[in-house]
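Asker: From the sequence below, what's the structure:
(4 chains)
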Protein chains: 2
Amino acid sequence: MERVDHLVKVRRRVKRGEYLYRAGTPLDSLFAVRSGFLKSCVVHEDGREQVTAFHMMGEVVGLDAISQEKHTCDTVALEDSEMCEIPFGRLEELTRDIPSLQRHFHRMMSREIVRDHGVMLLLGSMRAEERIATFLTGLSQRFASRGYSAQEFHLRMTREEIGSYLGLTLETVSRVFSRFQEEGYIEVHNRHIRILDVARLRSLVGQQPRE
Amino acid sequence: MERVDHLVKVRRRVKRGEYLYRAGTPLDSLFAVRSGFLKSCVVHEDGREQVTAFHMMGEVVGLDAISQEKHTCDTVALEDSEMCEIPFGRLEELTRDIPSLQRHFHRMMSREIVRDHGVMLLLGSMRAEERIATFLTGLSQRFASRGYSAQEFHLRMTREEIGSYLGLTLETVSRVFSRFQEEGYIEVHNRHIRILDVARLRSLVGQQPRE
DNA sequence: CGCGATTTTGACGGCACTCAAGCGCCGTGG
DNA sequence: CCACGGCGCTTGAGTGCCGTCAAAATCGCG
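Answerer: Purely as a prediction, here's the structure:
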């Protein structure tokens, strides 16, 4: 454990709007989010961007870079954030000596795959309202499991970034937010969200399958 | 290497239509495709299915199961297939002793993540024609890199399965195939595909961004 | 306080979904 | 060998969800 502590002792601060790393740069380290909020997005050659994930405290970013030893997406801070740098070479060595760390690392990569499959399901088969209901309840849970309120939170990302993540336009995101508010599911004040009726929000998911 | 050979010596045959494993069953082994063709799909609680991947020779399936030590998707043979069974516990042990194997294993998981991000980009930002052009050129490359023809191949999956993978209905898949045929990009006879103009097929991707 | 960025809202249109009918291929059994 | 049935595929007509374009409103930052 002492060795693990030593491994992650280097901190790195990233201000809002700054890149933690860019696609194409070589992989030196993974990063664990210590505080703050970030997004990752893949960029297609024609310039299209797709947000693949939002990251918060406790999550590790950069796993996609292992395959080619270079990053395949941009990761940007959406608010001032603090990261633990984890030199990847050293991590691989350590996992050889510490089976529990190895386990943990493998599970982390696998969890990322499972998460991505969930997003694929969302993008491939849900309507706009379902996507957004899923997004909001998911965020709510993630905040809750970190000790923050599940009912009330602040969105760190723009409507456009939400739209990109969910495969929708920013206008559609905005409209669905308004509709949810009219229905009394949530209260929206700019980026401040209050969830009034989680149960009905959850029940939206799976209501109107698209195919 | 001898120990690795020993690790994967058990073979398992799966006939067309049979499950290699089902979501919820405990993870015992990963499987490498030795021959044949399979699909994996996640199932939402409301019954919706989403094909997350098609697998062919040389690819390893089951990586999603590591996170919870149980499978999170169904994997089904689309034609009679032969698998190498890789007991996961033994694999983890071996990777501790053989750094090159460890490397290889980590890259494999990471590659899966990168692949999934590509699918998310496809599902989140491409129109139907682009998705299908991407799908066809991707399949073509995968066949080519295995020594088969890049121009001519047999689809092992139904239009519905293609549609599920691409977030489209089977009718849309069928219509786009017909349109591509009219345009002279491809020739379609049921599941037999011949690619006539890869260049123009590729150039379709990125033409009409959706957002 | 003023400007740009972000968000909301409206009007409109099109792409892809839905529903439906018909066809073709293939395996099965007489 | 052929008739039959079922599944998969194609094609058409119509519709609706969501994208596009546009403008106004609001926020937040300097």
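Asker: Please count neighbours and contacts with C-alpha atoms only from this point.
Answerer: OK.
Asker: Where does the spatially most central residue of chain A fall, secondary structure wise?
Answerer: For chain A, the residue nearest the mean C-alpha position is A:F54 (2.2 Å; C-alpha atoms, centre = their mean). A:F54 is part of strand A:49-56 when elements are defined by DSSP states H and E.
Asker: Now do the same for that strand: mean pLDDT, whole number.
Answerer: Per-region confidence: strand A:49-56 scores 97 on mean pLDDT.
Asker: can you check stretch A:126-142 too?
Answerer: 98.
Asker: ok, now stretch A:81-101?
Answerer: 96.
Asker: one step back: and the following helix or strand past the strand holding A:F54, is it in reach of chain B?
Answerer: Downstream of strand A:49-56, the next assigned helix or strand under DSSP H and E is strand A:60-61. No: looking at strand A:60-61 against chain B by C-alpha under 8 Å from any C-alpha of the partner chain, there are no contacts, and the closest approach is 11.7 Å.
Asker: Off-centre distance for strand A:60-61?
Answerer: Centroid displacement of strand A:60-61 relative to its chain, using C-alpha atoms, centre = their mean, to the nearest Å, is 9 Å.
Asker: model confidence over it, on average?
Answerer: Here the average pLDDT along strand A:60-61 is 98.
Asker: Give me every residue in contact with that strand, excluding its own residues.
Answerer: A:30-33, A:55 (C-alpha atoms under 8 Å, 6 or more residues apart in numbering or on different chains).
Asker: how about these in CSV, adding secondary structure?
Answerer: Shown next, in CSV, are these (DSSP: H, G, I helix; E, B strand; the rest coil):
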residue, secondary structure
A:L30, strand
A:F31, strand
A:A32, strand
A:V33, strand
A:H55, strand
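Asker: tell me the contacts of the residue lying closest to A:A144 once chain neighbours are set aside?
Answerer: If the residues on either side of it in the chain are set aside, A:A144 comes closest to A:A150, at 4.8 Å by C-alpha to C-alpha, 6 or more residues apart in numbering or on different chains. If a contact means C-alpha under 8 Å, 6+ apart, then A:A150 has A:140-141, A:143-144, A:195 as its contacts.
Asker: for chain A, what spans make up the helices?
Answerer: A:2-7, A:88-97, A:99-125, A:128-144, A:159-166, A:170-183, A:198-204 (DSSP state H).
Asker: chain center to the fourth one: distance?
Answerer: Translated: helix A:128-144. With C-alpha atoms, centre = their mean, you get 12 Å for helix A:128-144.
Asker: and if you look at the longest one?
Answerer: From the chain centre to the centre of helix A:99-125 is a distance of 12 Å (C-alpha atoms, centre = their mean).
Asker: That one near chain B anywhere?
Answerer: Yes: interface with chain B: helix A:99-125 contributes A:106-114, A:116-117, A:119-121, A:123-125 (C-alpha under 8 Å from any C-alpha).
Asker: Pull out the buried residues from stretch A:184-191.
Answerer: A:185-187 (16 or more other C-alpha atoms under 10 Å in any protein chain shown).
Asker: Reformat the residues you listed as TSV; add pLDDT and distance to DNA strand C.
Answerer: Output for the buried residues of stretch A:184-191, formatted as TSV (pLDDT from 0 to 100; distance: C-alpha to the nearest atom of the strand, whole Å):
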residue	pLDDT	distance to DNA strand C
A:Y185	97	14
A:I186	97	12
A:E187	97	10
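Asker: That'll do, ta.
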